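**Q** need a structure here:
(2 chains)
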Protein chains: 2
Amino acid sequence: MSEPSEITKTSETQQASSPDLDVGHVDALCAAIQSGDGKAIRNLLADEHPAELADRFEQLSSDDRKALVELTPDVISPLLLAELEDEVVEDVLPLLGPEQISKAMEELDSDDAIQIFEELPKDRRAEVLADMSEQDRKEIEDGFAFDEETAGRLMQREFVAAPEFWTVQQTIEHMRSQSALDDDDLPDKFFDIYVIDAHFHPLGYVPLSTLMRSGPGLVLSDIMDGNLTVIEPELDQEDVAYLFEKFDLISAPVVDTHGRLSGMITVDDIVEVIQDEHTEDMLALAGVSEAGLVDTVGSTVMARAPWLFVNLLTAIAASIVISMFQDEIEKLVALAVLMPIVASMGGNTGTQALTVAIRALATRDLTPANTNRAIRREAFAAIVNGVIFAVVLGVITFVWFNNLDLALVIAAALVFNLFCAGLAGILVPLGFKKVGADPAVASTVFVTTVTDVVGFLVFLGLAGVFLL
Amino acid sequence: MSEPSEITKTSETQQASSPDLDVGHVDALCAAIQSGDGKAIRNLLADEHPAELADRFEQLSSDDRKALVELTPDVISPLLLAELEDEVVEDVLPLLGPEQISKAMEELDSDDAIQIFEELPKDRRAEVLADMSEQDRKEIEDGFAFDEETAGRLMQREFVAAPEFWTVQQTIEHMRSQSALDDDDLPDKFFDIYVIDAHFHPLGYVPLSTLMRSGPGLVLSDIMDGNLTVIEPELDQEDVAYLFEKFDLISAPVVDTHGRLSGMITVDDIVEVIQDEHTEDMLALAGVSEAGLVDTVGSTVMARAPWLFVNLLTAIAASIVISMFQDEIEKLVALAVLMPIVASMGGNTGTQALTVAIRALATRDLTPANTNRAIRREAFAAIVNGVIFAVVLGVITFVWFNNLDLALVIAAALVFNLFCAGLAGILVPLGFKKVGADPAVASTVFVTTVTDVVGFLVFLGLAGVFLL
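**A** Residues are numbered from 1 along each chain as shown, chains lettered A, B, ... in the order given. Below you'll find the predicted structure:
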């Protein structure tokens, strides 16, 4: 287990702009790939941490990546595959033979193996499974039986459990003897020992640091923490992440339908889940339908066009509202000049309220217990901001167009639109949440439709009644 | 260390809507607070996990929280304080005496103690420190000497280090004897043992799970992993989080200016950092200047008004552009009807590109090595989407207004505005990043100003030249 000593130092200056930035290295790699120099590629990638390798590899263009794999397929080690982002794995797997894939999956912990398996095209899955050992194949098939983005998919089958009556010394001896076996079942890394009864039901856990400082003769049931968070395999990964965060968990046991210990989830996977869920939320709010820094123009267009199309429809809806007031605009063209301000301020207010609500839902700060208070707060805050900016905009309008009635109309329209915007900003995501939809996905377009339509309708409508 | 067995089960049904949702419980708590019934409050909060308690407490309104603390100050245990969000701690501390605060800080690991200390008003800090033991006070003062949001603030002073020549058995014996002391220096939880030389420089680490499975006679230097990620205390917490994610770290040592081991950062704190940075990014993108689900109308208004004001200025800039074309609009009022569509599609395209760029910068997927490729991709994708939607919008305009020239003008304006939007969406955040500013904070308003101004200018300008 001893490895060459290589301490990664993080000096502040080096980090300030971007840690591990090494453009020259990536450029050299590109050059080696383009000249087809396999030896140079291997030299450039030798002795790197798999995470570092994965970063370099992800910086390459899709074409360079393919060329690299074709030149030097052996650099795609199991650990590198486990470190790569899903989109990149999907890109690389078609270039690897079934034996290389199944060997990698056998070597990795089962959670990493399943992640790779997920990216395999359906028609290749059988041939890869056929190359694996009985036990490893069964683990993959069992894990794959659970839905995507659930605890069952996240968990690994390898964990450490011990009966409640074992002593500290017995437990340590057990791990030492397990480890001496050729084909040990211990996870690569683990942090807690799950204490079980005779039926394999978890009773509590002993953090390794507790085991370490306890006398050798103590019995596990005496040192275990009974406040155990047990995860059911159907639980959504977002909910799993919430439990990890809330209880500062490092690992948690997963049980089967009979309550028997069947797997373990560790915090490093949860950190990834948190990042993925966050990317999903941000892109959804901005109307981008696929995650990740997609690599090609084609996939970028495909990821964005659907929501642009929806936006076109809502923009046309707003235009139809405006077209109902063509006479008014013809008579008083200042209306056309000013109307985007009312809509824009509403859009901004709606987005602010919406983003706070989406974030508060994600962190579980917004719950049924304080929903009413939050709605009241948004409504009042929108009215207060509405009045403040109505005064400002009213004065500006009066000075600009020297028309008091116009100033009063735009001020009134602004207050009303900001009020609607604040309410829509919190009610729309709460409504989507209530019917079981992801509030981040469709809320933005709903809220901005409300603020555009209401903004134009109220401003032009009031103008029609009071000015002309 | 034995605790009452209480296994938290997470059934899918219970989780589906919102885990640990217990409105009735919060309502009962509110009732007890309002009737001033301290005994009922204590009963309702008895035997709860501090994280659970913190959640309940955060659901209360600011007034109820204050009333609760005044009625039953003893329920604010050190562990509860450590679990509460910063804004809530800030709310609670003024209600607690200096002894209660300093006792809590002494009991907690130094990283948690510093987090509480940060929320104390400046004029109360001295009195709280005065009540603490010499050693604990020094730890707080040392930690506080580092800037906010750096590794130095995050780290705890408690860690486990061992000389490279110790055997596994010696190491375990050492921890057992330390733990037997009344005032042990061991952290509450730890996951790795840092291996040091005679000068206290870290050489590598041994995960506890490795220590567990190694024979008692093995020497640490033989089982340690030399690929150690050492953190310098000035490093920004976002960069620390990146290193944890990249290398799947559970803990990492922090060194002083002489390279000597001086602290430890653990992954549970990093999970919090990641969440906080996400909230910051999302709120910044939406133009909300303070984090968290703020509790009162006043603070909500204050958090939103500044960016609404900036938005008002940019909206007025767009209006000024429109006002330059009042004659054209008077002659052809269809221009007023259609112009918001061009601006809106540009805004949407810009936001899409911007969000992808912000996210890619945060996850370090967008680096100097692939910046040019990303810019080209955004520009091309924007042109492709521009052409697609120009055709759609052109046809719609022709059918609607039966005016081919108008259809051609809006199509051309849309392509040009989407191209500018895509470019602005990636260049603006890259520019802010380059000059050392946070790209999430000011990018949105810049990008939408570009798309509004360009949208109106090009559409109305082309109309003026070709239609009238």
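**Q** and the nearest residue to A:Leu44 once chain neighbours are set aside, what does it touch?
**A** The shortest distance from A:Leu44 to any residue that is not its chain neighbour, by Cβ to Cβ, 6 or more residues apart in numbering or on different chains, is 5.3 Å, and that residue is A:Leu29. Heads up, the C-betas are built off the backbone N, CA and C, glycines and all. Contact criterion Cβ atoms under 8 Å, 6 or more residues apart in numbering or on different chains gives A:Ile41, A:Leu44, A:Leu45, A:Arg56, A:Leu60, A:Asp64, A:Leu68 as the residues in contact with A:Leu29.
**Q** for stretch A:316-336, how far is the first residue from the last?
**A** 16 Å (Cα to Cα, to the nearest Å).
**Q** Please see if that stretch touches chain B.
**A** Yes: under the criterion of Cβ under 8 Å from any Cβ of the partner chain, chain B is reached by stretch A:316-336 at A:Ile316, A:Ala318, A:Ser319, A:Ile322, A:Ser323, A:Gln326, A:Ile329, A:Glu330, A:Val333, A:Ala334, A:Leu335, A:Ala336.
**Q** Hmm, B:Leu335 and the fifth one touching each other?
**A** No: the pair A:Ser323 / B:Leu335 is not scored as a contact, 11.6 Å apart, by Cβ atoms under 8 Å.
**Q** Those two - which one has more neighbours?
**A** Applying other Cβ atoms under 10 Å in any protein chain shown to A:Ser323 and B:Leu335 shows that B:Leu335 carries more neighbours, namely 25 against 18.
**Q** so where's the stretch 151-300 of chain A uncertain?
**A** Under the criterion pLDDT under 70, the flagged ranges of the stretch 151-300 of chain A are A:182-184, A:290-295.
**Q** Give me the phi and psi for A:His201.
**A** phi -80, psi 130 (degrees, to the nearest 10).
**Q** Please read the previous query as pertaining to A:Leu60.
**A** Dihedral angles (degrees, to the nearest 10) for A:Leu60: phi -70, psi 160.
**Q** so A:Trp166 sits right up against A:Val219, yeah?
**A** Yes: using Cβ under 8 Å as the test, A:Trp166 is close enough to A:Val219 to be in contact (7.1 Å).
**Q** circling back: any idea how far the residue nearest to A:Leu44 lies from B:Ala40?
**A** Counting by Cβ to Cβ, to the nearest Å, the separation of A:Leu29 from B:Ala40 is 67 Å.
**Q** CA atoms of stretch A:120-127 as CSV?
**A** The C-alpha trace of stretch A:120-127 is given here as CSV (Å, rounded to 0.1, in the frame of the first residue of the first chain):
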residue,chain,number,x,y,z
LEU,A,120,-23.3,1.7,-21.5
PRO,A,121,-25.6,1.5,-24.5
LYS,A,122,-28.4,-1.1,-23.9
ASP,A,123,-27.2,-3.5,-26.6
ARG,A,124,-23.7,-3.8,-25.1
ARG,A,125,-24.7,-4.4,-21.5
ALA,A,126,-25.2,-8.2,-21.8
GLU,A,127,-21.8,-8.8,-23.3
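**Q** buried residues in it?
**A** In terms of neighbour count (16 or more other Cβ atoms under 10 Å in any protein chain shown), stretch A:120-127 has its buried residues at A:Leu120, A:Arg125.
**Q** contacts for it?
**A** Residues outside stretch A:120-127 that contact it (Cβ under 8 Å, 6+ apart) are A:Leu93, A:Pro94, A:Pro98, A:Ile101, A:Phe117, A:Val128.
**Q** Return the backbone torsion pair for A:Thr266.
**A** Dihedral pair for A:Thr266: phi -110, psi 160, per degrees, to the nearest 10.
**Q** In space, what's closest to it - neighbours in sequence excluded?
**A** What sits nearest to A:Thr266 in space, not counting adjacent residues and going by Cβ to Cβ, 6+ apart, is A:Ser251, at 4.8 Å.
**Q** check contacts around the one you found.
**A** A:Phe159, A:Phe190, A:Phe191, A:Asp192, A:Met264, A:Ile265, A:Thr266, A:Val267.
**Q** OK, contacts around the last one?
**A** Read it as A:Val267. For A:Val267, the residues meeting the contact criterion (Cβ under 8 Å, 6+ apart) are A:Phe191, A:Phe244, A:Leu249, A:Ile250, A:Ser251, B:Ile250, B:Val267, B:Asp268, B:Val271.
**Q** where does the last one land in three-state SS?
**A** Looking back up the chat, that one is B:Val271. helix (DSSP: H, G, I helix; E, B strand; the rest coil).
**Q** List only those of the residues of stretch A:316-336 next to chain B flagged as buried.
**A** Members of these that pass the buried threshold by neighbour count (16+ other Cβ under 10 Å) are listed as A:Ile316, A:Ala318, A:Ser319, A:Ile322, A:Ser323, A:Ile329, A:Glu330, A:Val333, A:Ala334, A:Leu335, A:Ala336.
**Q** okay if I get those residues as JSON lines plus pLDDT?
**A** Listed next are these as JSON lines, based on pLDDT from 0 to 100:
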{"residue": "A:Ile316", "pLDDT": "97"}
{"residue": "A:Ala318", "pLDDT": "96"}
{"residue": "A:Ser319", "pLDDT": "97"}
{"residue": "A:Ile322", "pLDDT": "97"}
{"residue": "A:Ser323", "pLDDT": "97"}
{"residue": "A:Ile329", "pLDDT": "97"}
{"residue": "A:Glu330", "pLDDT": "95"}
{"residue": "A:Val333", "pLDDT": "96"}
{"residue": "A:Ala334", "pLDDT": "97"}
{"residue": "A:Leu335", "pLDDT": "97"}
{"residue": "A:Ala336", "pLDDT": "97"}
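**Q** Distance check, A:Asp74 against B:Ser61.
**A** In this structure, A:Asp74 lies at 62 Å from B:Ser61, with Cβ to Cβ as the measure.
**Q** if you count what's nearby, which of the two comes out ahead?
**A** Comparing A:Asp74 with B:Ser61 by neighbour count (other Cβ under 10 Å), the higher total belongs to B:Ser61, at 15 against 9.
**Q** quick one: the strands in chain A?
**A** Counting by DSSP state E, the segments of chain A that form strands are A:8-10, A:161-163, A:192-196, A:202-207, A:229-231, A:251-255, A:261-266.
**Q** Looking at those strands, spot the one closest to B:Phe419.
**A** Within those, the stretch nearest B:Phe419 is strand A:8-10; the backing value is 39.8 Å (Cβ to Cβ).
**Q** Domains in chain A, by residue range?
**A** Listed domain ranges for chain A are A:21-154, A:161-268, A:287-466 (source: automatic domain parsing).
**Q** quick check, nearest of the residues of stretch A:316-336 next to chain B to chain B?
**A** Comparing those against chain B with Cβ to the nearest Cβ places A:Ala336 closest, at 3.8 Å.
**Q** Surely the closest one is in contact with A:Ile329?
**A** Yes: A contact is recorded between A:Ala336 and A:Ile329 when judged using Cβ under 8 Å, the distance being 5.0 Å.
**Q** List the contacts of the residue lying closest to A:Gly152 once chain neighbours are set aside.
**A** Nearest residue to A:Gly152 in three dimensions, chain neighbours excluded: A:Phe146, at 2.7 Å (Cβ to Cβ, 6+ apart). By Cβ under 8 Å, 6+ apart, the contact set of A:Phe146 is A:Gly152, A:Arg153, A:Pro233, A:Glu234.
**Q** follow-up on the earlier one: now the contacts of A:Leu29 in a markdown table, with pLDDT and neighbour count?
**A** Listed next are the contacts of A:Leu29 as a markdown table, based on pLDDT from 0 to 100; neighbours: other Cβ atoms under 10 Å in any protein chain shown:
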| residue | pLDDT | neighbour count |
| --- | --- | --- |
| A:Ile41 | 89 | 21 |
| A:Leu44 | 86 | 18 |
| A:Leu45 | 85 | 19 |
| A:Arg56 | 85 | 18 |
| A:Leu60 | 87 | 21 |
| A:Asp64 | 89 | 17 |
| A:Leu68 | 91 | 24 |
